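>>> okay, predicted coordinates and the sequence, questions at the end:
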Amino acid sequence: MAWAIKSAVMLAGAMVAAAAEAQQAPAAPTPAANGWNGEFSIGGTSATGNTQRKSADTDIRLNHREGRLEDRFRLGGTMAWEAGTTSAQRVEASAQSRFDWKPRSYTYGLAEIGRAHV
């Protein structure tokens, strides 16, 4: 009987320690190489029925932060085909720079270019 109570207390202590560990703040993400990070996505669809439609999408985003200066770059596009002919084309690119003067004061500039054919 004493052994069962002791093991139950040890188990409860282990559960409390695990719960306390789970409530701690999550670890900070590891810093990106030289302040750079980014994302890349690609996707597509294919639908058949009365008409056949296919599409492909892509999006690339790069960010760079060094001190109080942050730069963001984006390139994306879409192609769509319906019944064997191109029905839509879209290409977009943008660049944005931001400089933080103070925690709540900043200046930024943005340049965008795009082309669409529907």
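Structure's in. What do you need?
>>> isn't T86 up against A56?
No: the criterion here is Cβ atoms under 8 Å, and T86 misses it with A56 at 11.3 Å. For every residue, glycine as well, the C-beta is placed using N, CA and C.
>>> checking N34 next. Helix, strand or coil?
Three-state call for N34 (DSSP: H, G, I helix; E, B strand; the rest coil): helix.
>>> just give me the longest strand of this structure.
Among the segments of the chain that qualify as a strand by DSSP state E, the longest is strand 85-102.
>>> quick one: list the elements packing against it.
On a contact count with 3 or more Cβ pairs under 8 Å, 6 or more residues apart in numbering; DSSP states H and E, strand 85-102 meets strand 69-82, strand 105-117.
>>> can you put those strands in a markdown table and add mean pLDDT and distance to G49?
Shown next, in a markdown table, are those (pLDDT from 0 to 100; distance: least, Cβ to Cβ, whole Å):
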| stretch | mean pLDDT | distance to G49 |
| --- | --- | --- |
| strand 69-82 | 94 | 12 |
| strand 105-117 | 92 | 25 |
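>>> and these, which is most packed in?
Among these, the stretch with the highest mean neighbour count (mean count of other Cβ atoms under 10 Å) is strand 69-82, at a mean of 16.
>>> that one: partners in the sheet, and parallel or antiparallel?
Next to strand 69-82 in the sheet, as set by DSSP bridges, lie strand 53-66 (antiparallel), strand 85-102 (antiparallel).
>>> return the most buried member of these.
Greatest average neighbour count among those goes to strand 53-66 (a mean of 15), per mean count of other Cβ under 10 Å.
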